[in-house]
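Enquirer: Structure for this input, please:
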Amino acid sequence: MMDSEILIKAIMKAVKNGYKHTFVLEWIVDGFESNHDWHYNIIFSHEFAKAFFGNKGTGMMKACLCGEEPREIMEWQLHLQIMVLEEDPIKYLKQFI
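Expert: The predicted structure follows:
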């Protein structure tokens, strides 16, 4: 599966789960194939990640040394952190579509 196909399927999954977008999917494919990196603005956004990965808790806690109470890490937060560190974030998305 080509990266542009993965990206479209990922966006469609997020839209199905409530992600609101204001772009036309063909623009994404055109930009993707022209080596423009603006699709990262979509896949790294909190709104996309919540819709794509889910907004349930992971059971893992995030501690803060600033005096705040520990908070549970949500699925979308965990996957977004992992995806940001991936060499190819599109390939990371592929395993969830």
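
Enquirer: so which helix or strand takes in residue 83?
Expert: Using DSSP states H and E, residue 83 maps to helix 75-85.

Enquirer: helices or strands up against the longest helix seen in the chain?
Expert: Using DSSP state H to define each element, the chain has its longest helix at helix 3-16. Helix 3-16 is packed against helix 25-33, helix 39-43, helix 46-53, helix 89-94, with contacts defined by 3 or more CB pairs under 8 Å, 6 or more residues apart in numbering; DSSP states H and E. (C-beta placed from N, C-alpha, C; glycine too.)

Enquirer: 6 Å instead, please
Expert: Judged by 3 or more CB pairs under 6 Å, 6 or more residues apart in numbering; DSSP states H and E, the packing partners of helix 3-16 are helix 25-33, helix 46-53, helix 89-94.

Enquirer: quick one: furthest residue from the center of this protein?
Expert: Relative to the centre of the chain, the most outlying C-alpha is that of residue 67, 29.6 Å out, by CA atoms, centre = their mean.

Enquirer: Confirm that that one sits in a helix.
Expert: No - read with DSSP: H, G, I helix; E, B strand; the rest coil, residue 67 is coil and lies in no helix.

Enquirer: Neighbours of the closest residue in space to residue 63 that isn't next to it in sequence, how many?
Expert: Once flanking residues are discounted, residue 63 sits nearest to residue 70: 4.7 Å by CB to CB, 6 or more residues apart in numbering. Using other CB atoms under 10 Å, the number of residues around residue 70 comes to 10.
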